[in-house]
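S.K.: The following comprises the amino acid sequence and a computationally predicted model.
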Amino acid sequence: MMQVIQTISELRGVLDATRARGGTVGLVPTMGYLHDGHLSLVGRAVEECDVVTATIFVNPLQFAAGEDLDAYPRDLERDRALAERAGCDVLFTPSQTEMYPEPMRTEVTVASLSAHMEGAARPTHFAGVATVVAKLFAIAGPCRAYFGEKDFQQLAVVRRMASDLSFPVAVVGCPTVREADGLAMSSRNVYLTDDERAVAPVLHRALTAAAAAVEAGERSGAAVRAQMTATVAAEQRADLDYAEVVDAATLEPLDELRPGATVRLLVAARLGRPRLLDNVGVTVPE
Ligand code: AMP
């Protein structure tokens, strides 16, 4: 039976007891409205850890005024059933007052990694993410924590935060889970109208075509950016926010794609109401 826990002290008690008897802890932070992407993280945690905790918390700190905090999709009963079926041992569903009993005066920011791409579009977003993840790490204690490559910049921010602050947490990145037509799964995909949903795979198409160009010998970051931009621009409904070619480790934009380099291609576009994000990795051939 999966345990549903709402308080920090009870979760600490369960996870401390797990470690005291020699068990390992897996942590899967989410904002709920679970889909197969989230459940793949749970599945990996179940393979690698003794007690798996998924957390569901729609974190107000990472939403700016005017963003979709109130409209963000929620369905706790469904999430509960999906998490249990996926093998979760504990579901942590704290209230806002449990997480933030007083206005937060402390903020965790990860410089430089948070500045461009998503950070440029949403200037306060990554501080909100880094702060809540630091808090979840402090609550959970020593563990392995699972994050999706779907949010590649977020994964880099979280990794760096955990390392800079010496959290006893191994951050594990997991591959993006997609719909059959390539669209990356996201809780926000429910905002898409049927027409927008039909167009949405253009992001993945732009990324895979650009990755194929790199594999076929393209060595100019600007050319790869231009190719992705043109693919997305061909769809009238899609409003491209950025198309980037970066070093996969540092997230620095690349102009010259050197042989052997590990590169990440990232795009973000607004499609009707939601902004969609996607990315793929490619290694520049020798
Ligand atoms: P969210 O609930 O959107 O904040 O996502 C919670 C976690 O699930 C984050 O680590 C995301 O990167 C990850 N995630 C979301 N969508 C996917 C996906 N399609 N494939 C893999 N991981 C995902």
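M.R.: Noted; the coordinates are in hand.
S.K.: Quick check: buried residues in the helix ranked longest in the chain?
M.R.: Counting residues, the longest helix found in the chain (DSSP state H) is helix 125-140. By 16 or more other Cβ atoms under 10 Å, the buried positions in helix 125-140 come out as 125-137, 139-140. Just so you know, the C-beta spots here come from the backbone N, C-alpha and C atoms, and that holds for glycine as well.
S.K.: Likewise for stretch 13-29?
M.R.: So stretch 13-29, judged by 16+ other Cβ under 10 Å, has buried residues 14-15, 18, 24-29.
S.K.: and what of stretch 252-260?
M.R.: Quick answer for stretch 252-260 (16+ other Cβ under 10 Å): 254, 257.
S.K.: how far does that stretch stretch from start to finish?
M.R.: 16 Å (Cα to Cα, to the nearest Å).
S.K.: For that stretch, give me every contacting residue.
M.R.: Here stretch 252-260 makes contact (Cβ atoms under 8 Å, 6 or more residues apart in numbering) with 116, 214, 218-222, 224, 244-247, 261, 263, 283-286.
S.K.: Which of these fall within helices?
M.R.: 214, 221-222, 224.
S.K.: Export the residues you listed as JSON lines, with columns for neighbour count and pLDDT.
M.R.: JSON lines is the format used below for these (neighbours: other Cβ atoms under 10 Å; pLDDT from 0 to 100):
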{"residue": "214", "neighbour count": "23", "pLDDT": "98"}
{"residue": "221", "neighbour count": "19", "pLDDT": "98"}
{"residue": "222", "neighbour count": "12", "pLDDT": "98"}
{"residue": "224", "neighbour count": "24", "pLDDT": "98"}
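S.K.: Is it possible to get CSV of these that adds distance to the ligand?
M.R.: Shown next, in CSV, are those (distance: Cβ to the nearest ligand atom, whole Å):
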residue, distance to the ligand
214, 22
221, 25
222, 28
224, 23
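S.K.: What is the most widely separated pair among those residues?
M.R.: 214 and 222 (12.7 Å; Cβ to Cβ).
S.K.: follow-up on the earlier one: going by distance to the ligand, which of the buried residues of stretch 13-29 wins?
M.R.: Distance to the ligand across these (Cβ to the nearest ligand atom) is lowest for residue 29, with 6.3 Å.
S.K.: Spatially nearest residue to that closest one (excluding sequence neighbours)?
M.R.: Spatial nearest neighbour of residue 29, chain neighbours left out: residue 55 (4.9 Å); criterion: Cβ to Cβ, 6 or more residues apart in numbering.
S.K.: Give the helix, strand or coil label for the one you found.
M.R.: Taking DSSP: H, G, I helix; E, B strand; the rest coil as the rule, one finds residue 55 in the strand state.
S.K.: how about the residues of the stretch 151-286 of the chain near the ligand?
M.R.: 151, 174, 176-177, 184-187 (Cβ under 6 Å from any ligand atom).
S.K.: Much appreciated, bye for now.
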